[in-house]
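Trainee: structure, please.
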Amino acid sequence: MSVRKSLCRWELAGFLIVGAVGTLLQFLYQWTGENTLVAAFSAVNESTWEHMKMLYVPYFAFTMVEFTVFGEPFRNFFAAKAAAGLAGLLTIPTLFYTIGGMFGEPPAWMNIAIFFAADAVLFLLGYRLLTALSLRGTAFQIAGFALLWALMFAFVYFTYRPPRLPLFRDPTEGGYGVAS
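Mentor: The predicted structure is shown next:
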């Protein structure tokens with residue numbers, strides 16, 4: 001099997017895994033009795049930031065596993081995955097606030113559709129960037145690796161110490177982070 005075909009299968013699996021795990025992360029914090037350790041990687045409220053975290057945490061974990069398979073054949077791996085990760089993350093607030101601004105509060109099914117659209121962006125763009133062999137070079141790889149880890153750190157850190165900005169505000173309870 002060619003490397004591209006194998007990558008395509010991995011990206012499809014990644015889309016499905018991130019979708020499933022991300023959906024579970026919506027409920028895990030409450031299912032565990034609001035365990036503060038679980039809060040680090042699951043949604044603690046209904047803020048846009050926490051919905052972005054539900055997407056990013058499983059994407060980050062899948063990316064680290066996927067690197068063990070594709071890090072060698074795709075020397076642009078970390079840069080491509082970081083760029084795709086940013087695009088996927090930006091999809092959520094862009095669609096949510098655009099649709100909300102046009103039509104008012106989106107229904108629950110629309111929020112789910114936005115999540116899966118962002119999930120698709122992650123893996124479609126990731127595949128495209130990886131196979132185009134763009135973003136090659138040591139500097140791009142170091143920057144991509146650092147960005148992937150910095151985003152993971154930010155999602156954990158801002159769960160416990162969120163800035164008082166609309167992106168982090170729970171629209172149902174009005175709180176921020178774990179303190180909601």
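Trainee: where exactly do the helices run in this protein?
Mentor: 3-31, 48-70, 77-103, 108-132, 138-160 (DSSP state H).
Trainee: which of those sits most buried?
Mentor: Greatest average neighbour count among the helices of the chain goes to helix 48-70 (a mean of 21), per mean count of other C-beta atoms under 10 Å. Every residue, glycine included, has its C-beta placed from N, CA and C.
Trainee: so, low pLDDT: which residues of the protein?
Mentor: Within the chain, the segments meeting pLDDT under 70 span 179-180.
Trainee: run the last query once more with 80
Mentor: Filtered on pLDDT under 80, the chain yields the residue ranges 1, 133, 179-180.
Trainee: got the helices of the chain as a markdown table, with distance to Gly177 columns?
Mentor: Formatted as a markdown table, the helices of the chain follow (distance: least, C-beta to C-beta, whole Å):
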| stretch | distance to Gly177 |
| --- | --- |
| helix 3-31 | 11 |
| helix 48-70 | 8 |
| helix 77-103 | 17 |
| helix 108-132 | 19 |
| helix 138-160 | 5 |
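Trainee: of those, which is nearest Arg169?
Mentor: Minimum separation from Arg169 across the helices of the chain (C-beta to C-beta) falls at helix 48-70, 8.4 Å.
Trainee: taking helix 3-31 as reference, get the angle to the closest one.
Mentor: On the basis of axes from the mean of the first three to the mean of the last three C-alpha atoms, to 10 degrees, helix 48-70 is oriented at 140 degrees to helix 3-31.
Trainee: so what's Pro166 closest to, chain neighbours aside?
Mentor: Leaving aside its chain neighbours, Pro166 sits nearest to Thr48 (7.9 Å; criterion: C-beta to C-beta, 6 or more residues apart in numbering).
Trainee: isn't the one you found up against Gly100?
Mentor: No - with contact defined as C-beta atoms under 8 Å, Thr48 does not count as touching Gly100 (9.7 Å).
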